[in-house]
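> Need coordinates for the following:
(chains A, B and C)
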Amino acid sequence: MTFLGAISQLLAITAALLLAPLLMGWVNQWRAWMQNRSAPSLLQPYRMLHKLFHKESVVAEHATPLFRVVPYIVFGAMTLACGIVPTLSTELPLAPAADAIALVGLFALARVFISLAAMDIGTSFGTLGARREMLIGFLAEPALLMVLFTASLISTSTSLTTIVETLAHRELAIYPSLAFAGVAFTMVSLAENARVPVDNPTTHLELTMIHEALILEYSGRHLALIEWAASLKLFAYSCIGLALFFPWGVAEAQSPLALLLALPVLVIKLAIGGIVLALLETINAKMRIFRVPEFLATAFLLAVIGMLVRILLGG
Amino acid sequence: MYALYATLGIPLFGALLQAAVGHRSFAREINVALSAATFLAACVLTERIVTQGPQFAWDQAFFIDPLNVFLVTLTAFVGLTTAIFSRPYMAIEAEHGKMTPPRLRLYHSMYQLFNCTMLLALTTNNMGLLWVAMEAATLATVLLVSVYRTAASLEAAWKYFILCGVGIAQALFGTVLLFMAAEKVLGAEGGALLWTNLDAVKTQLDPAIITLAFAFLFIGYGTKVGLVPLHNWLPDAHAEGPTPVSAVLSGLLLNVALYALLRCKVLTDGALQTPLASRLMMGFGLLSVLTAAFFLLRQKDVKRMFAYSSIEHMGLMTFAFGVGGPVANFAGLLHMTVHSLIKSAIFFAVGHATQRAGTQIMADIRGLMKASPLLGWSMMLGALAILGMPPFGVFASEFLILTTAMREQPWATPFLLLALGVAFGAVFMRVQEMVFGSTNLPAGGTAHTAPAHLPVYAHLGLGLMLGIYIPPYLDAWYRQAAAMMGG
Amino acid sequence: MQGMFGQLINLFASVLLLLSFAMLAQRRVVTLIDLFMLQGATLVAATTVVGVVTHQPHLYLSAALTLLLKVALIPWLLHRVIRQLNVRWDVETLINIPTTLLLGIVLVIFAFNLALPISQLSSSVARGTLGIALAGVLLSFLMMITRSKAVSQVIGFLSMENCLFFAATSATYGMPLVVELGIALDVLVGILILGVFMFQLRERFDSLDIRHIEKLKED
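Predicted structure coming up:
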């Protein structure tokens, strides 16, 4: 492990931890503007985290130790996920530890634990949320894997850093396969991050909520960790999307200068991505939960078409 | 080649003419006259081919050889007799109010157009145009089948269109692949879809492409031949359309589809050097014979029953051509001829009977012999002929097919014998019930005078003649065509 | 430049495949017609590009014919028909779209496998797309099987025709002109007949649902 490698790894994780709530705030702000509402402050997520960390954490009487451990596991998994996605540099010492498949596994791990915790208390809302979450997860994961495989086919490697390096170096050409994969990835991201057509992050309506139902019993620092993890997940997904489909600007050479340049580029890309996400959430209506399998099947289909097109046309 | 242009031009002109005057009372006579003129032109054409050998026309766009010229004559002949049959038939249908003047106009116009597309499909040298003509024939017959506008006929026509449309689309894909294979040898400008050019270079065509192409062509044209399991449209279309249409569907359209398949088989055999095409044709032919024979057992509608009999016979021909070799090909061609003649004769007879009885349900038709001996005999003789009783031609061709099968493909013989036995039992029992015994039909009827039965007995007579004596020029002609198909 | 055009053709082919899937999953009749129109437009674009690359003037003619027929005339006719039949806002009750789509994927894989050895032998710049054309044909076929409304079946039939044209372009440089003209004529006449049929079916059965029109069956 080179010194610079360690630096860039550290920088990547720090940036993720710090920028993730900001991204959340940015999306919320834009969404409010687009919907003609007065927007909350950009720093609102930080304030909320601060407030929650200073509150007492109330735990249900019948909770097992699992309930207390899960927020840390989820937070850890998401931090690690942000660590292995090449956000700033492809020179990441942690990256060889996990490839694209392991990344999907990390997300799945977090999902399983949070569902277990939701069922742990035994309230009906928790069970309902867990069931819906698993339904979405088991449909979304194959689609996400297919997207990553399409990218892997182009670079003939499942290592995320290699994929980004290859994609960043490709000549400017039309890749229909990547276009399909991109659309599929967007759809999967919306579902995975509990965004609008699938779930509404701001609602607590029992008929429709998925993510909120899972974490209904959490409070205080536990809730803070889970909220932070959720924003980290959004950050990680955004970065995967940017890395796969808009990989320009990620530092490759071992130069501190490139690394310094990569940070503002990332921020700009994320800012644009956030606006697009807010736009998508504004123009789409939330769909019935029974339509979600169709939505995700379409995503899976698109990803598979992308892969097939890649195999047949080499495009 | 004016004879060829006349053969194709007269029905085309006829279609336009009938579109203008088809509803008039003399349109039925015009229909007969047009068909007679077409038949005359076809005879002249045949005479020229017989004396001068295979010929091109219009800069290779048309190609007439022994294989298709005999089908051209047959088509024109059955076209003529069906027109003669439909003249009194349609008059009665109009009396019954089933045919209104606009429907008659549509019927006459489409009848001529259908003849035109059949003849075009037979004479064209271009595999693409062959497809276009087959599709056009489908369109014309769809309109003919639906001409009564009853719920059942509309349903039959819709099913026919969708199934055959989809089926024949597969043939277009096969044609595209064929073109692709040919283009590599002949070049894009070299008339790569002309059958004669393809035939000349067939050994150089890429086997991989041709294999796939034949698979698609087989599905496509096989649907039109009525091979099981793609036969669903056939009984409906036969049963619900007017009887003259059933006669030309069975007598002509199925033959032409089989002809298209044969043209493709010749190319495939040349390119592949493996018996793929033969095996496919034998397998599906045999399947059709067997399935149709067992379906014959449970039919209640007389036209449906004979439609299934057509499937059975088309399967038998496909099997014969699949076996290949001079004898089986000869037998297949002979069977094609006699089946066309006899089956259309049967439909003529059925037409008279159903018109008389006012129903197509066999249980309600009793004692034809008592009601009208001419009708009873035509029905009985037709059924005996199609079931392969000597001395009719079907016996000769079926005997040849069976003996060749015993020699070349012994495994198939028991299946064939079983199917023929079942078919015999099923059809004979039904027809016997319809013909003999006391009658339940109303007495009298204008159409059942002797002249109305002329087409039936003409066909039966020809079928009988072919069973006893094949004229030497016809024999030579079959031999040439059979040799050309190889196998 | 050649590479650029090759990519464009691949792009159009992919769009064609995507549209086939979209049609498979689309419930609304009126949207189905729009999708069909888009498919025709994609076909026109692909044919034109192949024409530009290969300098085959008859491909322009073929493209113009497709534009006239499949993008303008037939969609217009279909819109007219559904307006007059008052089925414009009909929604088809499709059961289990995800399963149908998965079945579609299996078909695509099958088609690709079938076409892969053959497309290598093609001389056209668009050879890789033969598999997609075949996949489109099979998907249209699947669509016709899963639909029960007459209008949707007809659109499936037309979409199959589109894919066959695309196959002709991708396997070779299009069929000879006389054949293409003949096919176009057949399609046009066919659609007119089907249009008339729909009115008559409606009159006889009070429905355009094929499931209500199944009296002729073997007992």
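> Pretty sure residue C:160 is one of the things residue C:187 touches, is it not?
No. Residue C:187 is not in contact with residue C:160 according to C-beta atoms under 8 Å; the separation is 10.5 Å. Yep, even glycine has a C-beta here, placed from its N, CA and C like the rest.
> Have a look at the two and say which one is more surrounded.
Ranked by neighbour count (other C-beta atoms under 10 Å in any protein chain shown), residue C:187 and residue C:160 place residue C:160 first, with 25 against 20.
> for the stretch 201-315 of chain A, which spans come out with low pLDDT?
Applying pLDDT under 70 to the stretch 201-315 of chain A picks out residues A:251-255, A:314-315.
> one more time with 90, if that's ok
A:201-217, A:220, A:242-266, A:281-295, A:297-298, A:301-302, A:304-315 (pLDDT under 90).
> Which residues of it lie near chain B?
Neighbours of chain B within the stretch 201-315 of chain A, by C-beta under 8 Å from any C-beta of the partner chain: none found.
> Now do the helices for the stretch 201-315 of chain A: every range, in order, please.
Taking DSSP state H, counting those that start in this stretch as the criterion, the stretch 201-315 of chain A carries its helices at A:211-214, A:220-245, A:256-283, A:292-313.
> got CSV for the ones you listed, with mean neighbour count and distance to residue A:148 too?
Below are those laid out as CSV (neighbours: other C-beta atoms under 10 Å in any protein chain shown; distance: least, C-beta to C-beta, whole Å):
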stretch, mean neighbour count, distance to residue A:148
helix A:211-214, 23, 23
helix A:220-245, 23, 8
helix A:256-283, 17, 18
helix A:292-313, 24, 9
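> Could you export these as TSV, including distance to chain C?
Shown next, in TSV, are those (distance: least, C-beta to the nearest C-beta, whole Å):
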stretch	distance to chain C
helix A:211-214	23
helix A:220-245	16
helix A:256-283	18
helix A:292-313	4
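> closest to residue B:391 out of these?
helix A:292-313 (60.7 Å; C-beta to C-beta).
> Skipping adjacent residues, who's closest to residue B:183 in space?
In space, residue B:183 comes closest to residue B:192 once its chain neighbours are excluded; the distance is 4.7 Å by C-beta to C-beta, 6 or more residues apart in numbering or on different chains.
> how much space between the one you found and residue A:223?
Distance, residue B:192 to residue A:223, using C-beta to C-beta, to the nearest Å: 73 Å.
> residues contacting the spatially closest residue to residue C:209 that is not a sequence neighbour?
What sits nearest to residue C:209 in space, not counting adjacent residues and going by C-beta to C-beta, 6+ apart, is residue C:148, at 5.3 Å. By C-beta atoms under 8 Å, 6 or more residues apart in numbering or on different chains, residue C:148 lies in contact with C:92, C:209, C:210, C:211.
> how about 10 Å then?
Applying C-beta atoms under 10 Å, 6 or more residues apart in numbering or on different chains to residue C:148 gives the contacts C:92, C:93, C:94, C:207, C:208, C:209, C:210, C:211, C:212, C:213.
> surely residue C:103 meets residue C:24?
Yes. Under the criterion of C-beta atoms under 10 Å, residue C:103 makes contact with residue C:24 at 9.0 Å.
> And those two? Which one has more around it.
Neighbour count, other C-beta under 10 Å: between residue C:103 and residue C:24, residue C:24 has more, with 24 against 16.
> wait, that one sits on residue C:99?
No. Counting by C-beta under 10 Å, residue C:24 does not reach residue C:99; the two are 11.1 Å apart.
> Find residues that contact each of the two.
residue C:146.
> wait, is residue A:62 part of a strand?
No. Counting by DSSP: H, G, I helix; E, B strand; the rest coil, residue A:62 is located in no strand; its state is coil.
> ok now do it, which residues does it touch?
The contact partners of residue A:62, taken as C-beta under 10 Å, 6+ apart, are A:120, A:121, A:122.
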